[in-house]
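> Kindly generate the corresponding structure for this input.
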Amino acid sequence: MTTITFDTQELVNELETSGFTRKQSETVVAVLKKSQSELATKDDLHREIESLKNVTKTDLLELKVDLVKWVGALMLAQVAVIAALVKLL
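Okay, the predicted model is just below:
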């Protein structure tokens, strides 16, 4: 995560100049400072995306293996059914 540095006193003064009371200005600045701890950078997002891609690739490989097992089992069952039918006829 990242922190953006800014002059809080200057922001309070600008807010007061535009019509905010001192208390309102200080509250806005306090909320901005508190919210900074939850900001993410592009690098943070790229890391998360790569992590999700890796999880997705792993899940897809597991699904592929499961699918191959099911198809193989169904093919064997089909061969057994055909053999049984041929034997009966």
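
> By mean pLDDT, flag the weakest helix or strand of this structure.
Ranked by mean pLDDT, DSSP states H and E, the helix or strand of the chain with the weakest confidence is helix 22-35, at a mean of 89.

> avg pLDDT for whichever helix or strand comes after it?
Along the chain past helix 22-35, the next helix or strand (assigned with DSSP states H and E) turns out to be helix 42-88. Summarised as a single mean, pLDDT over helix 42-88 is 91.

> just checking, what packs against helix 42-88?
Counting contacts by 3 or more Cβ pairs under 8 Å, 6 or more residues apart in numbering; DSSP states H and E, helix 42-88 packs against no other helix or strand. In this view, the C-beta of every residue, glycine as well, is placed from N, C-alpha and C.

> Can you give the distance of that helix from its chain's centre?
24 Å (Cα atoms, centre = their mean, to the nearest Å).

> Equivalent analysis for stretch 22-39, please.
Distance, centroid of stretch 22-39 to centroid of chain: 27 Å (Cα atoms, centre = their mean).

> ok, and for it, which residues are buried?
By neighbour count on 16 or more other Cβ atoms under 10 Å, the buried set for stretch 22-39 is 25-26, 29.

> Put together JSON lines for these, with distance to residue 5 on each row.
Formatted as JSON lines, those follow (distance: Cβ to Cβ, whole Å):
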{"residue": "25", "distance to residue 5": "19"}
{"residue": "26", "distance to residue 5": "18"}
{"residue": "29", "distance to residue 5": "13"}
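
> With respect to residue 88, which of those residues is nearest?
If you rank these by distance to residue 88 using Cβ to Cβ, residue 29 comes first, at 86.3 Å.

> Could you list the domains of this protein?
According to automatic domain parsing, the chain comprises the domains 1-39, 42-89.
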